[in-house]
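J.: only geometry, no sequence info:
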């Protein structure tokens, strides 16, 4: 396993507010939420970027389905936003693939004004 913050959480070396976990994914609350609901869907196995999924691409689809499940469980019936930051210019800060789930208020049509 790589030594990024998400790998450390999964290994139990750092704490996080875990709302769901199974063999494939952990879902935690973001420590700097940008909306009333801001969850991170994190694969238990380390993937740096989307292309690293390769033969395990089914996990990529499962991450989106899990995000939708978490949205329903968090009463986001009025809508939600999924964000995947990929690469330096995409704003990726943690070198471990993850999906942001945001909701609980009107997020508007754009992220950046």
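T.: In hand now; what should we look at? Quantities reported herein were computed from a predicted structural model and do not represent experimental measurements.

J.: hey, which strand is longest across the protein?
T.: Ranked by residue count and defined by DSSP state E, the top strand of the chain is strand 37-43.

J.: what's the angle from the helix or strand that comes right after it to strand 37-43?
T.: Per DSSP states H and E, the first helix or strand lying C-terminal to strand 37-43 is helix 58-73. Interaxial angle, helix 58-73 versus strand 37-43 (axes from the mean of the first three to the mean of the last three Cα atoms, to 10 degrees): 160 degrees.

J.: So which elements touch helix 58-73?
T.: With contacts taken as 3 or more Cβ pairs under 8 Å, 6 or more residues apart in numbering; DSSP states H and E, helix 58-73 sits against strand 18-21, strand 25-29, strand 37-43, strand 80-83, strand 99-103. C-beta here means a position set from N, CA and C on the backbone, and glycine is covered the same way.

J.: Show me the contact partners of it.
T.: Residues outside helix 58-73 that contact it (Cβ atoms under 8 Å, 6 or more residues apart in numbering): 19-20, 24-25, 27, 37, 39, 41, 43, 45, 47, 50, 53, 80, 82, 97, 99, 101, 103.
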